[in-house]
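Enquirer: okay, predicted coordinates and the sequence, questions at the end:
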Amino acid sequence: MDLQKFRESRIPIVEIFNSVSGEGISAGTVMTFVRVAGCNLRCRYCDTAYSYNESEPGNRLLKPDEIIDILNSCRCKKVLCTGGEPLELSKAKRYLPLYIASKGFNVRIETNGSCPVYVKNEIQEYSGNVSPLKLNYALDIKCPDSGMVDYNIYDENFKDLGPGDEIKFIVGSKRDLKYGLDTIYKHSEVFSSTGVIINFLPVFGKLHPAVIVNMLKENDEYFEEHNLKVRLSLQIHKFIWPPKTRGV
């Protein structure tokens, strides 16, 4: 989608608000959340199912520059684009993170791993006079308990990640934990060369974090030898507020 057509489009937005990031390497950092509507997956453990449908009552259809105006009023330069799924193909919302970054914001994209990250020509179309864009990915790798493992396209995406980007395994069982480890073993060379951070997040209330800690200790020597940055991440917002609270 060319830039002019994008600027004339309307994007379904669930909510925009300031809070602390709840997980991954940005956890605890104040950011402005931009939650787009619509998702191509239906993960069993999803805690934002209210963002599935673009036509959900209460969603706002906003032009990109209207969104920028709201972001400016939030007075925070760190933006987390989430959903839903921000990077769905053939939709205007795919280009919203790029457009926000082109306006001088530091943007992190939470993506479910089933959609390709940006290619060079997309970045060039939207970068404007800002070079390089402050843009990073938090890329999910779906594990078996999600029911969506067949939608991973990580072989395509891993090569385009770099420093400041992160991968998230959301694990609900020891089976998921093994899947994550097997993926790390298989792709250790690209993970090492790109310098991405690898997070293991327990599904809240399903897997005790201590199980992940034990795995990290057991595999720490391998991680060190292969220059892999593997860590535990907890969803801290679910400890601060009731787990189903929205807009916090």
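Expert: Received the coordinates, thanks. Residues are numbered from 1 along each chain as shown.
Enquirer: not counting its neighbours along the chain, what's nearest Leu135?
Expert: Nearest non-adjacent residue to Leu135, counting by CB to CB, 6 or more residues apart in numbering: Ala101, 4.6 Å away. C-betas here are computed from N, CA, C, even on glycine.
Enquirer: need the pLDDT of the one you found.
Expert: According to the per-residue confidence, Ala101 scores 97 in pLDDT.
Enquirer: mind checking the SS state of Asn136?
Expert: In terms of secondary structure, Asn136 is strand; the call rests on DSSP: H, G, I helix; E, B strand; the rest coil.
Enquirer: and the longest helix seen in the chain, what's buried?
Expert: With DSSP state H applied, the helix covering the greatest number of residues in the chain is identified as helix 209-225. Within helix 209-225, the residues that qualify as buried are Ile212, Met215, Phe223, counting by 16 or more other CB atoms under 10 Å.
Enquirer: make JSON lines from those residues and add pLDDT and distance to Tyr45 to it.
Expert: Output for those, formatted as JSON lines (pLDDT from 0 to 100; distance: CB to CB, whole Å):
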{"residue": "Ile212", "pLDDT": "98", "distance to Tyr45": "15"}
{"residue": "Met215", "pLDDT": "98", "distance to Tyr45": "19"}
{"residue": "Phe223", "pLDDT": "99", "distance to Tyr45": "26"}
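Enquirer: now the residue nearest the centre of the chain. Nearest residue, chain neighbours left out?
Expert: When the chain is reduced to its mean C-alpha position, the nearest residue by CA atoms, centre = their mean turns out to be Glu110, at 1.4 Å. Using CB to CB, 6+ apart and skipping the chain neighbours, the partner closest in space to Glu110 is Thr82 (4.1 Å).
Enquirer: show me what contacts the one you found?
Expert: When the contact criterion is CB atoms under 8 Å, 6 or more residues apart in numbering, the partners of Thr82 are Phe33, Val34, Arg35, Val36, Thr48, Ile109, Glu110.
Enquirer: pull out the buried positions in the lengthiest strand in the chain.
Expert: In the chain, with assignment by DSSP state E, the single longest strand is strand 11-20. By neighbour count on 16+ other CB under 10 Å, the buried set for strand 11-20 is Ile11, Pro12, Ile13, Val14, Glu15, Ile16, Ser19.
Enquirer: let me know the closest of the residues you listed to Gln4.
Expert: Ile11 (15.3 Å; CB to CB).
Enquirer: which pLDDT value goes with that closest one?
Expert: 99.
Enquirer: next: Gly128.
Expert: With respect to pLDDT, Gly128 has a value of 76.
Enquirer: ok so, going back, tell me what the helix or strand that the longest strand of the chain is followed by is packed against?
Expert: Going down the chain from strand 11-20, the next helix or strand is strand 30-36, by DSSP states H and E. For strand 30-36, the helices and strands in contact under the criterion 3 or more CB pairs under 8 Å, 6 or more residues apart in numbering; DSSP states H and E are strand 11-20, helix 64-74, strand 78-82, helix 96-102.
Enquirer: now these in a markdown table, with distance to Gly128?
Expert: What follows is these, written out as a markdown table (distance: least, CB to CB, whole Å):
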| stretch | distance to Gly128 |
| --- | --- |
| strand 11-20 | 18 |
| helix 64-74 | 12 |
| strand 78-82 | 16 |
| helix 96-102 | 4 |
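Enquirer: out of these, which is closest to His237?
Expert: For His237, the closest of the helices and strands packed on strand 30-36 is strand 11-20, at 7.1 Å, according to CB to CB.
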